[in-house]
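Asker: Below: sequence and its predicted model.
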Amino acid sequence: MQRIEIQKIHKNPSDYTEGQIVVCGWVRTLRSSKAVAFAQINDGSGFVGLQVVLEVGALPDFASLCKLGVGTAVEVHGTLRLTPDASQAFELLAARVVVQGACDGAYPLQKKRHSPEFLRTIGHLRPRTNTIGAALRVRSAAAYAIHSFFMEQGFVYANTPIITTADAEGAGKMFRVTTLDIENPPHTRDGALDEHADFFEKPAYLTVSGQLQGEAMAMAFGKIYTFGPTFRAEKSYTARHAAEFWMVEPEIAFADLQDDMRLAESMIKYVIDRVLAQCSDEIAFFNQFVDNGLLNRLTHVANADFAHVSYTRAIELLTPHNDQFEYKVSWGIDLQTEHERMLTEMLFGAPVFVTDYPKEIKAFYMRQNDDGKTVAAMDLLVPGIGEIIGGSQREERLDLLADRIRAMGQHPEQYDWYLDLRRYGGCPHAGFGLGFERLIMYLTGVANIRDVIAFPRTTGSAAY
């Protein structure tokens, strides 16, 4: 007899009330008396589990089954009974229980509340918990929604390299990829490191962004998106930074900053709508136990008109509140999370696009505005978290781009292929980057990036 996934039973329980069925799962809780026991099992197919009723008269091994440990893997044969007047809509009356994998008392996930810090020490087990399991299920639904959105819009899905020689940010905080013997590296005759002896015969790194290669693809296909892992060798211990994270990066040709913002707003609303529809149980859980304003906030953003404000105007609005900030605002500084949340939660009460940042605090590829001081950049700030998307119109003018690369201490010859995109049929184009983990933090209310990715990579931590 083929097993039935518990999530399918929840969708249409009346389809499974005729005859015996088989379910499998792991025991989450078990309470028993002399004649009856109730086991809550979950097979991972959905957030909500299934109550299994064990009765002494129906099971010859009732006494031993009452001793099953939390975490035990079981196969249950039984009959589904509808219970509309009970706290659960249905339950499974067990006729036979097969233990497929025992779990002893040393199992660390017993029926009690565990701190996030403790769960991070058992990363191989924590997906079994309600919070992490729900976050990863939301992550799965959000990833599918992102692919669906771009496919419905006619975008080409582009796979950009993970190993690269191009620093997309110009910041130099990249992980080097090498096969050289670090204890005895080869040297040239003049004593310098022999880069030619390395695998790629030149310095290579884990990518910080697929944007530059994405621009090359956009110059062929018109509109593309990438969705893959990126890496930053930035020693940060904050709750919002990780060394390995996933980025969504669309690029659109024949487009300006306004087109870019329209695309970002449409995508965010689309993903929220999909997640609310597909993960209603998970969102209800997060709304009850993690962030009781989550559902209202997500619903508000999905239906809101996003505000727009220039960086200069944002500084003007924030300055009167400087006594409330740890980091004081002034023109030329990069906005901090406290400033971003003030804008979204207090001053506008809605998601906000902040545009036209000072060029000195932005990357070399952003298009310079006519004022000579700012660039055509935008950040999307959302209530509860701050920045969630960063993007810009790209600089399509060859001479200005080359000058900007030099001004930032880089060498134009290292970006010669990128400059070719301007030499050979370049056009106005734009794009943005969405930090996928930050999106999941926003969708769930989970406060730490380490808890929305299964095996986080952060400073000093690379377990598993």
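Answerer: Noted; the coordinates are in hand.
Asker: Nearest residue to the residue of the chain most remote from its centre in space, ignoring adjacent ones along the chain?
Answerer: Distance from the C-alpha centroid of the chain peaks at Gly57, with 49.0 Å (CA atoms, centre = their mean). In space, and not counting its chain neighbours, Gly57 is closest to Ala35: 7.9 Å by CB to CB, 6 or more residues apart in numbering. In short, each C-beta sits where N, CA and C put it, glycine included.
Asker: My guess is the one you found contacts Ala58. True?
Answerer: No - contact criterion CB atoms under 8 Å: Ala35 and Ala58 do not qualify, at 10.6 Å.
Asker: out of these two, which sits in the more crowded spot?
Answerer: Per other CB atoms under 10 Å, whichever of Ala35 and Ala58 has more neighbours is Ala58, with 15 against 10.
Asker: Please report the distance of that one from Tyr144.
Answerer: 41 Å (CB to CB, to the nearest Å).
Asker: Ok, Lys67 next?
Answerer: 41 Å.
Asker: What of Asn287?
Answerer: Counting by CB to CB, the gap from Asn287 to Tyr144 is 22 Å.
Asker: which one of the two has more residues nearby?
Answerer: Set Asn287 next to Tyr144 and count neighbours by other CB under 10 Å: Asn287 wins out with 18 against 14.
Asker: mind checking which helix or strand that one is in?
Answerer: Assigned by DSSP states H and E, Asn287 belongs to helix 280-289.
Asker: which intervals of the stretch 201-350 of the chain have sub-threshold pLDDT?
Answerer: Nowhere does the stretch 201-350 of the chain drop to pLDDT under 70.
Asker: how about the strands in it?
Answerer: 204-206, 223-231, 244-253, 307-310 (DSSP state E, counting those that start in this stretch).
Asker: and Ile388, which of those is closest to it?
Answerer: strand 244-253 (10.8 Å; CB to CB).
Asker: where does the closest residue to Phe199 other than its chain neighbours sit relative to Ala243, distance-wise?
Answerer: Nearest non-adjacent residue to Phe199, counting by CB to CB, 6+ apart: Thr179, 4.3 Å away. Separation of Thr179 from Ala243 (CB to CB) stands at 21 Å.
Asker: of these two, who's got more company?
Answerer: Counted by other CB under 10 Å, Thr179 and Ala243 do not tie: Ala243 has more neighbours, with 21 against 9.
Asker: Leaving aside the residues adjacent along the chain, what's closest to the more buried one?
Answerer: Nearest to Ala243 is Arg457, by CB to CB, 6+ apart, at 4.6 Å.
Asker: do the same with Gly154
Answerer: Of all residues not flanking Gly154 in the chain, Lys223 sits nearest, at 6.8 Å (CB to CB, 6+ apart).
Asker: Would you agree the one you found is in contact with Phe155?
Answerer: Yes - in this structure, Lys223 is within contact of Phe155 by CB under 8 Å, at 4.9 Å.
Asker: shared neighbours, these two?
Answerer: Contact criterion CB atoms under 8 Å, 6 or more residues apart in numbering; residues shared by Lys223 and Phe155: Pro250.
Asker: Leaving out the residues flanking it, which one is nearest to Leu50?
Answerer: In space, Leu50 is closest to Ile6, 4.7 Å off (CB to CB, 6+ apart).
Asker: Hmm, Gln40 and the one you found touching each other?
Answerer: No - Ile6 is beyond contact range of Gln40, at 10.7 Å (criterion: CB under 8 Å).
Asker: Spell out which residues are contacts of both of these two.
Answerer: Counting by CB under 8 Å, 6+ apart, the residues touching both Ile6 and Gln40 are Gly49, Leu50.
Asker: From the rest of the structure, what touches the helix holding Asn287?
Answerer: Against helix 280-289 from outside (CB under 8 Å, 6+ apart): 46-48, 130-131, 134-135, 137-138, 275-276, 293-295, 298, 443-446.
Asker: For it, what is the distance to the chain centroid?
Answerer: Distance of helix 280-289 from the chain centroid (CA atoms, centre = their mean, to the nearest Å) equals 18 Å.
Asker: And for stretch 278-291?
Answerer: Per CA atoms, centre = their mean, the centroid offset for stretch 278-291 relative to its chain is 17 Å.
Asker: repeat for stretch 52-67
Answerer: Distance of stretch 52-67 from its chain centroid, counting by CA atoms, centre = their mean, is 43 Å.
Asker: With stretch 267-278 instead?
Answerer: Worked out by CA atoms, centre = their mean, stretch 267-278 lies 14 Å from the chain centre.
Asker: what number of residues lie near Lys269?
Answerer: When neighbours are defined as other CB under 10 Å, Lys269 has 17 of them.
Asker: what's it in contact with, if anything?
Answerer: By CB under 8 Å, 6+ apart, Lys269 lies in contact with Val301, Ala302.
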